[in-house]
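Q: sequence and predicted model, in that order:
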Amino acid sequence: MRKEKKYKKNFKISPDPKYNDIFVQMFINKLMWDGKKQAAYKIFYGMIDRLSEKTKENGLEVWRKALKNLCPNLEIKRRRIGGATLQVPVEVPEKRKDSLSMRWMIRYARERGEKKMVDKLTNEVLAAANNEGKAFKKKEDVQKMALSNKAFASLKF
């Protein structure tokens with residue numbers, strides 16, 4: 001019998017160098033592609049600077065507001081009961097809310113039509129801060145699906 005390796009589930013993330021914030025570092029880690037962290041830093045800090053220029057506010061606060069607007073309260077989990085698979089709405093834990101909002105923001109920023117990733121991310125953040133854009137629509141779709149399956153809410157995991 002082969003012995004399984006054990007990995008630490010919640011490893012410690014060191015804060016980013018500029019803002020000394022763990023939340024920013026989590027976003028940069030999700031933004032990173034092929035291990036190119038310096039490129040991810042460049043994209044993120046460039047996006048914060050452009051947000052400051054466009055909104056005349058603190059770019060970091062606009063980014064935080066956008067992420068807060070993307071956090072879902074409910075999501076769907078599939079549960080098999082008898083022969084049927086039901087979609088049961090469950091509350092989203094705080095850590096998963098943050099992760100989902102970051103993931104959706106980056107995913108839909110990458111799908112935008114602008115040339116540079118800094119521009120794509122800046123425009124997606126501005127849209128999310130104003131409660132619009134594809135990432136915000138994704139959040140609303142998830143919420144609607146959970147509310148439409150409210151009848152199965154009693155079937156908790």
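A: Received it, and whenever you're ready, just let me know what you need. Numbering: from 1, shown residues only.
Q: which helices and strands sit right next to the longest helix along the chain?
A: Using DSSP state H, we find that the single longest helix of the chain is helix 37-55. Helix 37-55 sits against helix 22-31, helix 59-70, helix 117-129, with contacts defined as 3 or more Cβ pairs under 8 Å, 6 or more residues apart in numbering; DSSP states H and E. C-beta: built from backbone N, CA, C; applies to glycine.
Q: can you pull the contacts of the spatially closest residue to residue 101 that is not a sequence neighbour?
A: Spatial nearest neighbour of residue 101, excluding adjacent residues (Cβ to Cβ, 6 or more residues apart in numbering): residue 70 at 3.7 Å. Residue 70 sits next to 100, 101, 104, 105, 128, 135, 136, 139 when contact means Cβ atoms under 8 Å, 6 or more residues apart in numbering.
Q: got the contact list for the helix or strand hosting the second one?
A: Right, the one you point to is residue 101. Using DSSP states H and E, residue 101 sits in helix 94-110. With Cβ under 8 Å, 6+ apart as the test, helix 94-110 has contacts from 23, 26-27, 30-31, 66-68, 70-73, 75, 92, 117, 120-121, 123-125, 128, 133-135, 138-139.
Q: ok, now with 6 Å
A: For helix 94-110, the external contacting residues (Cβ atoms under 6 Å, 6 or more residues apart in numbering) are 27, 30, 31, 67, 70, 71, 120, 121, 124, 134, 135, 138.
Q: next one: stretch 75-87
A: So stretch 75-87 is in contact with 88, 90, 92, 142, 145, 146, 149, 152, 155, going by Cβ under 6 Å, 6+ apart.
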